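> starting from these lines, generate the structure:
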Amino acid sequence: MAPVRVTDDYYAILAVEQIATTEAITKSYRRLAFVLHPDRNPRSDATAAFQLLGRAYGSLKDEARRRSYDIIYPSITSKSLNKENPPPKTQSLTSNKPNPETSIPKSKQGDIEDSAAIAALRKVRDERDAKWRPTAKRYEDVIFEQQREVTRLKKDIEKLDDIKLRELAEEAAARGWSAWIFSPLYKKSVETGEEKERKSNERLDRFHSKNVKERVLKSKMTILRKWEKGLRDGQDVLAKAHEIDNENIRFHENRIRVRRERELEEERRKEELVRDEARKKEREKREREEAKNLRRYQAAQKLRQEQEAGARKLREEEMAHKMWEDAARVKRMQECIAKVYEQQQYQPPPVVGSSRSSRRQPERGSCNHDGWWPKVEAETCWNRLQCEECGVAYSYLLICPGCRIEAYASCQRTSRPVRRGLRRTRPGYGNTQTQGSKGHTYDHYDEWSD
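A predicted model of the protein is given here:
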C-alpha cells in the first residue's frame, strides 16, 4: 500500500519556524495541546485539530521523519501560498518570513489564547447551566408534587389515628368507675346489633384505609427520596463540572496575571535602568562640576600663592631698597662727619665694619666725651656690634668724637659729664633720668639724617 502523501504545513500547525529546535517544538506542542484538547475545547472540530497537532508533533520530533518532511516542505509551502495568496512573479514561492506589520507579539498572542480559552470555558459553563435549568425545574416540580402527596397522606393517617384514639377513649370512659357510680342516675343506652356491626365495619374500613395509605406513603417516600437523590446528584455533577471549569479559568487568568506581572516587572526594570542611567549621568555631571570647582580652587590657590610670593618678593625688594637707602644715608653721614672733622682738624672716623684693631685708641682719661656722638649701624640686620663699655652686642652703637670709643646710648649717658645739675644713671639700671628730663637727644641729629 502506498504511503499517504503529506500536504499539511506541520511547522505552521505547531506555530514554529523551520529552524526551530526539538525543545521549542515540544514546548509549542504542549502549549497548543493544552488549548486544543477536546476535554477543554468545546468546539466541534477540537478532536480533529488535536489529532492533526499530534501527527505534526510525531513527524517533527523524530529526526529521520523530520528530514524526510523537510525535503518536501518547500512544495507544501508553495502550494499553500498559491491557494491562499498567489505571489507576484518577482517574489519567491518558498518565502515563509513573517510580516512584521501583521505579526503579533508573543505575550499578546498568549493573552489572546488564554482569553479565548476563558471565554470558551465560560460559554461551556453557561451552556451547561442552561441545559441543567429545565432538568432541575422538572426535578423540583416532581419533588414538590411528591411532597404534597406525602403531606396529604400523613394528615389522613393522623386523622384515622385520632378517630381510633377517640373511640378507645370513649370505650375506656364507659367502662370506668365513674360510669358505674353514676349509672343509677343516667340511663345507659343499649346498642343494637346493627349499630355494633356498623361500628365494626367502620373500624375495619379505617384499618384497611390506614394500611393502604401507609403503603402508599411508603412508596411516595421512596419515590421522593429517589427524585431528591437525583436532584442532589445532578447538582453535585454540575458543581464538579463548574469547579473544573473554574479551576481552568483561574489557571488561564493566573497565566494572564503572571504574564502581565512579568511585563510590569520588565517595565519597572527598564524604568529602573533609565533612572540608574539618569542618576549615573547626574553623578558624572556632579563629578565634573566638582572637578571643575577643584581646578578653579587649585588655580585660585596657585594664583594666591603667586601673589603672596610676589608680595613677599616685593617686600624683600623694598627691605633691600630700604637697607640700601640706610647704607647710603650712613655713608652720607660719614662723609658729612669727615668733612666736619676735616674742618676741625680731627682725624675722620674709620669706615663702618672695619677692624677694631686698626682704629686709634686715644687716652680715655683726657677725653670728657662731650659733643655729638655719631651713630654706627651693623652692615646687615643679622650682624651685631659689641659695646666697649658693657660688652653687650647691639644693632647700632654711638662713637665718641674725641676718643673714638664705641658705646651704646645708655653707656654714653653714664660716661658723659653731668649738665645742668642732672644726675647720671648707674650702668645696667635703666636709661631713666631725674624728673623733668625729656630724655637724651643727639645734637644736630636731624641735620644728618636727611
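
> so where do the helices sit in the protein?
10-13, 22-36, 46-61, 63-84, 106-174, 177-181, 193-343, 409-415, 445-449 (DSSP state H).

> and the fourth one, what's its mean pLDDT?
Looking back up the chat, that one is helix 63-84. Summarised as a single mean, pLDDT over helix 63-84 is 69.

> swap in the longest one?
In this model, helix 193-343 carries a mean pLDDT of 89.

> now the last one
Along helix 445-449, the predicted local confidence has a mean pLDDT of 41.

> look up how far residue 264 lies from the residue nearest the centre of the chain.
Note on the chain: the residue nearest the mean C-alpha position is residue 272, at 8.2 Å, using C-alpha atoms, centre = their mean. Going from residue 272 to residue 264 by C-beta to C-beta, to the nearest Å gives 12 Å. Any C-beta I mention is one placed from the backbone N, CA and C, and that applies to glycine too.

> kindly report the same for residue 334.
Distance from residue 334 to residue 264, by C-beta to C-beta: 101 Å.

> residue contacts, residue 339?
Under the criterion of C-beta atoms under 8 Å, 6 or more residues apart in numbering, residue 339 has no neighbours.

> wait, I meant residue 228
Residues in contact with residue 228 (C-beta under 8 Å, 6+ apart) are residue 143.

> one step back: from residue 67, how far out is the residue nearest to the centre of the chain?
Noted for residue 272: a distance of 47 Å to residue 67, by C-beta to C-beta.

> over to residue 274?
Separation of residue 274 from residue 67 (C-beta to C-beta): 47 Å.

> try residue 233
The spacing between residue 233 and residue 67, counted by C-beta to C-beta, is 55 Å.

> same thing with residue 42?
38 Å.

> cool, residue 290 as well?
For residue 290, the distance to residue 67 (C-beta to C-beta) stands at 66 Å.

> one more: residue 329?
In terms of C-beta to C-beta, residue 329 sits 118 Å off from residue 67.

> just residue 373 next, same as before
Distance from residue 373 to residue 67, by C-beta to C-beta: 130 Å.

> can I get the helices of the chain in JSON lines including distance to residue 380?
Formatted as JSON lines, the helices of the chain follow (distance: least, C-beta to C-beta, whole Å):
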{"stretch": "helix 10-13", "distance to residue 380": "106"}
{"stretch": "helix 22-36", "distance to residue 380": "98"}
{"stretch": "helix 46-61", "distance to residue 380": "108"}
{"stretch": "helix 63-84", "distance to residue 380": "107"}
{"stretch": "helix 106-174", "distance to residue 380": "93"}
{"stretch": "helix 177-181", "distance to residue 380": "166"}
{"stretch": "helix 193-343", "distance to residue 380": "8"}
{"stretch": "helix 409-415", "distance to residue 380": "21"}
{"stretch": "helix 445-449", "distance to residue 380": "20"}
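
> between these, which one is nearest to residue 378?
Using C-beta to C-beta as the measure, helix 193-343 is the one of the helices of the chain that comes nearest residue 378, at 10.4 Å.

> give me the distance from that closest one to the chain's centre.
5 Å (C-alpha atoms, centre = their mean, to the nearest Å).

> and for stretch 20-31?
Taking the mean of its C-alpha atoms, stretch 20-31 sits 37 Å from the chain's own mean (C-alpha atoms, centre = their mean).

> which positions within it qualify as buried?
By 16 or more other C-beta atoms under 10 Å, the buried positions in stretch 20-31 come out as 25, 28-29.

> equivalent analysis for stretch 229-236, please.
Buried-residue list, stretch 229-236, by 16+ other C-beta under 10 Å: residue 231.

> with stretch 319-336 instead?
For stretch 319-336, the neighbour count (16+ other C-beta under 10 Å) marks 330, 333-334 as buried.

> now stretch 244-251
245, 248-249, 251.

> ditto for stretch 395-407
Neighbour counts over stretch 395-407 (16+ other C-beta under 10 Å) mark 397-407 as buried.

> please identify which of these is nearest to residue 206.
Of all the buried residues of stretch 395-407, residue 206 sits closest to residue 397, with 169.9 Å by C-beta to C-beta.

> just the CA trace of stretch 233-245, in CSV.
Below are the C-alpha coordinates for stretch 233-245, written out as CSV (Å, rounded to 0.1, in the frame of the first residue of the first chain):
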residue,chain,number,x,y,z
ASP,A,233,-26.5,14.0,42.2
GLY,A,234,-27.2,16.4,39.3
GLN,A,235,-26.3,19.4,41.4
ASP,A,236,-23.1,17.6,42.5
VAL,A,237,-22.2,16.8,38.9
LEU,A,238,-22.9,20.4,37.9
ALA,A,239,-20.9,21.7,40.8
LYS,A,240,-17.9,19.5,40.0
ALA,A,241,-18.1,20.5,36.3
HIS,A,242,-18.3,24.1,37.4
GLU,A,243,-15.4,23.6,39.7
ILE,A,244,-13.3,22.1,37.0
ASP,A,245,-14.2,25.0,34.6
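
> need the buried residues of stretch 20-31 in a markdown table (columns: pLDDT and distance to residue 165).
As requested, the buried residues of stretch 20-31 are exported to a markdown table (pLDDT from 0 to 100; distance: C-beta to C-beta, whole Å):
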| residue | pLDDT | distance to residue 165 |
| --- | --- | --- |
| 25 | 89 | 85 |
| 28 | 88 | 81 |
| 29 | 89 | 79 |
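
> export these to CSV and tack on distance to residue 387?
Shown next, in CSV, are the buried residues of stretch 20-31 (distance: C-beta to C-beta, whole Å):
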residue, distance to residue 387
25, 118
28, 117
29, 121
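
> and stretch 114-130, average pLDDT?
86.

> could you list the residues in contact with that stretch?
Counting by C-beta under 8 Å, 6+ apart, 35, 40-43, 238, 241-242, 245, 248-249, 252-253, 255-256 sit against stretch 114-130.

> residue 282: which of the residues you listed is nearest?
For these, the nearest to residue 282 is residue 256 (38.0 Å; C-beta to C-beta).

> before we move on, back to that, between the buried residues of stretch 319-336, which is nearest residue 382?
Nearest to residue 382 among these is residue 330, at 16.8 Å by C-beta to C-beta.

> is that closest one in contact with residue 374, as I believe?
No: using C-beta atoms under 8 Å, residue 330 makes no contact with residue 374, being 9.3 Å away.
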